[in-house]
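In: I'd like to go over a predicted model; first the sequence, then the structure.
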Amino acid sequence: MSTTTAVGTPSRLGLPKWAAPAGVAVVFVAAYLVFRGTGTLPHDKEAPQFLAVTDLREWIDDHRNDNPLFLYFLNYIRLFVGALYDLFQTVLHALGWPGITGVMGALAWLAGGWRIGLLAVAGVSAFGFLGLWQHSVDTLALVAVAVLLSLAIGIPIGVWAGLSGRVRRAVTPVLDVMQIMPTFAYLAPLALFFHIGAPAGAIATMIYSIPPAIRITALAISGVSPTAVEASSSLGATRWQTLFKVYLPLARSTMALAINQTIMMALSMVVIANLISAPGLGEEIIRGLSRAQVGIMLPAGVAIVIMAVMLDRMMMAIARRGPHTKPSKIDLVGAGVLGAGGLVLIPVLPGEWPESWTVNVVAEVNDAVLWAETTWYPVTTFIKDFTTYALLNPLEGLLTSAPWWLVALAVLAVAWRVSGVRPALIALGCLLAIALLGTWEHAMQTMTTVAVAVLATLVIGLLLGVAAARSPRFSAVQRPLLDAAQTMPAFVYLLPALALFETTRFTAIFASIIYAVPPVVRLVEDGIKAVPAEVVEAATSAGSTPGQLLWKVQLPMARRAILLAANQGIVMTLAMVVVGGLVGAGALGYDVVLGFSQRTDFGLGFVAGIATVLLGVMLDRITQGADRRPSPRKRMST
Amino acid sequence: MGDSPDSAAITVEGLWKIFGSRAQKVLDSEDRHLEPAALREKTGCTAAVRNVSFAVRPGEVFVVMGLSGSGKSTLVRCLTRLIEPTAGEIRIGGEDIGRASPARLREIRRHQVSMVFQHFGLLPHRKVIDNVAYGLEIQGTPKAARHARAAEILSLVGLDGYADAYPDQLSGGMQQRVGLARALAVDPQVMLFDEPFSALDPLIRRDMQAEVIRLHREVGKTMVFITHDLSEALKLGERIAIMRAGSIVQLGTAEELVGAPADDYVADFVRDVPRSHVLTLRWISRAPEPGEPLDGPEIAAGTVIKDAIAVASASSRPIKVVDDGELVGVVDRVDLLTFLSGQDIAVKAGA
């Protein structure tokens, strides 16, 4: 009954459903044409907001050793983290390459059998072969410190959040914002408070990698069978006994996932932290990026991927283990021999990886890249120019020449329509804050790049996701690739982009597409596969063609998953586009990088970092409500 | 009932449990008498247990029966304050549970009352023996002693040889035996069972019911048994409390429930019970009519009716129903047939 009235409403008015949005769009176009060029907010490098922050930094640097906040609090944190880093670094260097190889191999063997052990031995040796032993050990030490601190803080909070709904509700919004913050945004404030160097890098990495430690731990704890908990308290266990004998053991395998995610996040951040002078592989990568020399960064990129894969396989092996499987005797003996062997060889073999065993490929890689650039020049240039002239330039022109209030109104309207009042107001607030910060024009440019990248990401992601959902064989081929892609630290994707497109705006777009496509594909595929088999069967038995099945049943029912994929895609794309500032994406990302390299531009970089966060929150709010809105079917019946 | 509270293992007086932020307010107002749906509509609170009182005798098997949502699981959790009651008094072994400090409450849970759960609640990362010994472990019993005790209990519940298995290697019925053993291992005076067999297959359920009857005979614990299965209640319960919407609607022996349901709800519940399996001759015996021969076979009044059928078929004489050697009445073939045919709906109600 109610359905008929709902359906009947538009027809009674005699207007099709798209009339209202189209009308609004026409109004906006008209307003743009009338007011074009007025109310724009052009970029000013010397804006007072930037200068104020630069002055603040000067002041802090002058008073780092006499202000009580620094003297008695922040400096101690820095010293503590620094000491921890030194400790790890000293131990790792004392172990030398035989020791590290043996110990890592033994740990990996215990975690997941001899195959994983072999992988670890090969992985550690690869650091040496690539000529990156020293850098790899530094990175390993930095990651170890960051992950250790993340877990030491994150697991207790996560356990607390898992046990208490109130804590969970308090923590979740904070984590939500942290997870959409681009990596760059963390760096400037940390440099302000903790200066630069390894401790600041470790703290930045820790903050960046803490959300999964908290979130997944909370999930693991709240997922523990309530009956087991109740049984324990019915036998008179104290809260601590129940925590240690029931909650933690039962949450173990999920918590291994939390640790794994934390490590993976830390590995992506640890490289970027080189911008605030954190040591390690990031040095090579950032150097390669800033000189646009793929040859320099490729070995370091490969090393970090190897590190990621090695640690990922170890943690996943632990996570997958049954609740009560223990390593067999053979595994214990094998791992013991490997570990002891490594330790015994420390005095015998040199601690540094021998120079003669390394391969230097810088020149070869640079040649290969040059070859690729020249050979594929017509193709890559066509793609690049087409995107630039057909999409980027017009859109950027539109956004930067439109009055700021018109853009704000448009954001408000779209967010309201898609997500509702509250998210719309938050999005509007973020946009206005961007304007007040003096980063309007650059934010609009960054938004242009993000929009184009998201469009491409969604098209590709949908196509691949649908294909995978419909063909099990395609899915079987694609899955391992997606898994591998998701283990890789973010900036690794800049490598092929840089190799193909040099330093342009398009480079960042290309990198963010290959970065964001895998999760989008996965969400779309899972969403379509989650459509109940009975519904598909019913549609098929009614004589639907595969195309009808897709358009009329599977895609509409997977709507939520697809919208979630869009949201994810946008957040990830923004993160990558900002990092793309290193390779010519310009705008906010470049401002951030500039802030680190030019002392006088620190304020600009700092503010640009904040602006990227605001932009991220805004884009997230515009789209996040989409998957919470009732499905169209539900809307009709109310 | 008629037991003085002192001699009872458990007494419950005026117990209330209202879920929701305004529980106390609801309890103090007239709203507490509202129907559950109306109460939730008006206050957002749910009254799971409403003014429940009963006493369990030492060594008794006391069954609380009701459909899902009737509040029976909440009731049993209130007994050891796994769920904090809103109001009312609970005494176990004479001790006021409501006033017990957290430490004292733990002592009670550790030594006096243990519980068996519907979904077992076993710890998958521990061997069977360590699951059984869990209660002793948290009391601080040394490993050798608790393992010895656990092994003893495992053989009592028929799980010899499974000490080193892990729970997920056992069938559902065996897992619940582990749950049973865990509850028994701490040697409690009272055992609480929260629908322990509803997750099991019918055949295994029957075995486990027999197991509980056997254990009760061997160890003689006081048992409070929650179930939604009437036949289980009738089989196990010396007395049965039927719950509906948080209140006890009738409390009595199986015979009283089936023979004299307190209201339509209970009557509806017990309608499909084969009454000849539950009711005794007492319910259908009548005074001998004048001239009726009284030389037939004698049967005790407490005999279940179906067991009298064989006797009646062997002798055409009316059966003499005796209680302590005294004649309480007679039953003849016609009486039995009338009863079995279901015409005699109004058995001597309330007799």
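Out: Yep, that arrived.

In: Can you tell me the centre-most residue of the chain?
Out: Just going to use chain A. For chain A, residue A:572 is the residue whose C-alpha lies nearest the centre (C-alpha atoms, centre = their mean; 5.9 Å).

In: Correction: the question concerned chain B.
Out: residue B:63 (1.5 Å).

In: ok, back up a step: from residue A:87, how far off is the residue nearest to the centre of chain A?
Out: Computed as C-beta to C-beta, to the nearest Å, the residue A:572 to residue A:87 distance reads 35 Å. For glycine as for every other residue, the C-beta is placed from the backbone atoms N, C-alpha and C.

In: Kindly report the same for residue B:192.
Out: Residue B:192 sits 53 Å away from residue A:87, going by C-beta to C-beta.

In: Which one of these two is surrounded by more residues?
Out: The neighbour comparison of residue B:192 against residue A:87 (other C-beta atoms under 10 Å in any protein chain shown) goes to residue B:192, with 25 against 13.

In: Close to chain A: what parts of the stretch 151-300 of chain B are there?
Out: Counting by C-beta under 8 Å from any C-beta of the partner chain, the stretch 151-300 of chain B comes close to chain A at B:166, B:168, B:179, B:182, B:186, B:192.

In: What are the buried residues along stretch A:448-464?
Out: Neighbour-count burial for stretch A:448-464 flags A:448-458, A:460-462, A:464 (criterion: 16 or more other C-beta atoms under 10 Å in any protein chain shown).

In: Where does the residue nearest to the centre of chain B fall, secondary structure wise?
Out: For residue B:63, the enclosing helix or strand under DSSP states H and E is strand B:61-65.

In: Can you give the strand pairings for that strand, parallel or anti for each?
Out: Next to strand B:61-65 in the sheet, as set by DSSP bridges, lie strand B:222-227 (parallel), strand B:239-244 (parallel).

In: Now do that strand: everything it contacts.
Out: The contact list for strand B:61-65 (C-beta atoms under 8 Å, 6 or more residues apart in numbering or on different chains) reads B:10, B:54, B:56, B:72, B:75-76, B:216, B:222-230, B:232-233, B:236-243.

In: Low-confidence regions, chain B specifically.
Out: Within chain B, the segments meeting pLDDT under 70 span B:1-7, B:343-351.

In: how about the residue at the greatest distance from the centre of it, secondary structure?
Out: Using C-alpha atoms, centre = their mean, the residue of chain B lying farthest from its centre is residue B:291. It sits 45.3 Å away. Look at residue B:291: counting by DSSP: H, G, I helix; E, B strand; the rest coil, its state is coil.

In: could you check the distance from it over to residue B:312?
Out: For residue B:291, the distance to residue B:312 - C-beta to C-beta - is 20 Å.

In: what's the offset of the lengthiest helix in chain A from the middle of its chain?
Out: As assigned by DSSP state H, the longest helix anywhere in chain A is helix A:75-129. Relative to its chain's centre, helix A:75-129 lies at 25 Å (C-alpha atoms, centre = their mean, to the nearest Å).

In: Give the bridge partners for the residue nearest to the centre of chain B, please.
Out: Under DSSP bridges, the beta-bridge partners of residue B:63 are residue B:225, residue B:240.

In: for the stretch 1-150 of chain A, which spans come out with low pLDDT?
Out: Applying pLDDT under 70 to the stretch 1-150 of chain A flags the ranges A:1-14.

In: make it 50
Out: Within the stretch 1-150 of chain A, the ranges that satisfy pLDDT under 50 run A:1-11.

In: try chain A
Out: By pLDDT under 50, the low-scoring segments of chain A are A:1-11, A:629-638.

In: residues from it in reach of chain B?
Out: A:225, A:227-238, A:241, A:245-246, A:249-250, A:252, A:322-324.

In: Please flag which of those residues sit within helices.
Out: Reading helices off the residues of chain A next to chain B with DSSP H, I get A:227-234, A:241, A:249-250, A:252.

In: Pull the most distant pair out of those.
Out: Greatest spacing in those, by C-beta to C-beta: A:234 and A:252 (22.8 Å).

In: And those two? Which one has more around it.
Out: A count of neighbours by other C-beta under 10 Å puts residue A:234 above the other of residue A:234 and residue A:252, at 25 against 15.

In: Help me confirm that the more buried one comes into contact with residue B:81.
Out: No - distance between residue A:234 and residue B:81: 10.2 Å, which falls outside the contact criterion (C-beta atoms under 8 Å).

In: what's the burial count for the residue of the stretch 251-351 of chain B found nearest chain A?
Out: Chain A sits closest to residue B:251 of the stretch 251-351 of chain B, with a gap of 24.7 Å, by C-beta to the nearest C-beta. Residues within reach of residue B:251, counting by other C-beta under 10 Å, total 20.

In: what do you get for the one 4 residues further on?
Out: Applying the criterion other C-beta under 10 Å, we find 17 residues in the vicinity of residue B:255.

In: That one looks like it's in a helix, true?
Out: Yes - secondary structure assignment places residue B:255 in a helix (three-state DSSP).

In: Residue B:322 is in what secondary structure piece?
Out: Per DSSP H and E: strand B:319-323 holds residue B:322.

In: Check which element follows that strand along the chain.
Out: Next along the chain after strand B:319-323, taking DSSP H and E as the criterion, comes strand B:326-331.

In: Just the element for the nearest residue to residue A:251 once chain neighbours are set aside, please.
Out: Nearest non-adjacent residue to residue A:251, counting by C-beta to C-beta, 6 or more residues apart in numbering or on different chains: residue A:220, 3.7 Å away. Assigned by DSSP H and E, residue A:220 belongs to helix A:198-222.

In: What is that helix packed up against?
Out: Helices and strands touching helix A:198-222, as assessed by 3 or more C-beta pairs under 8 Å, 6 or more residues apart in numbering or on different chains; DSSP states H and E, comprise helix A:75-129, helix A:133-163, helix A:165-180, helix A:184-194, helix A:252-272.
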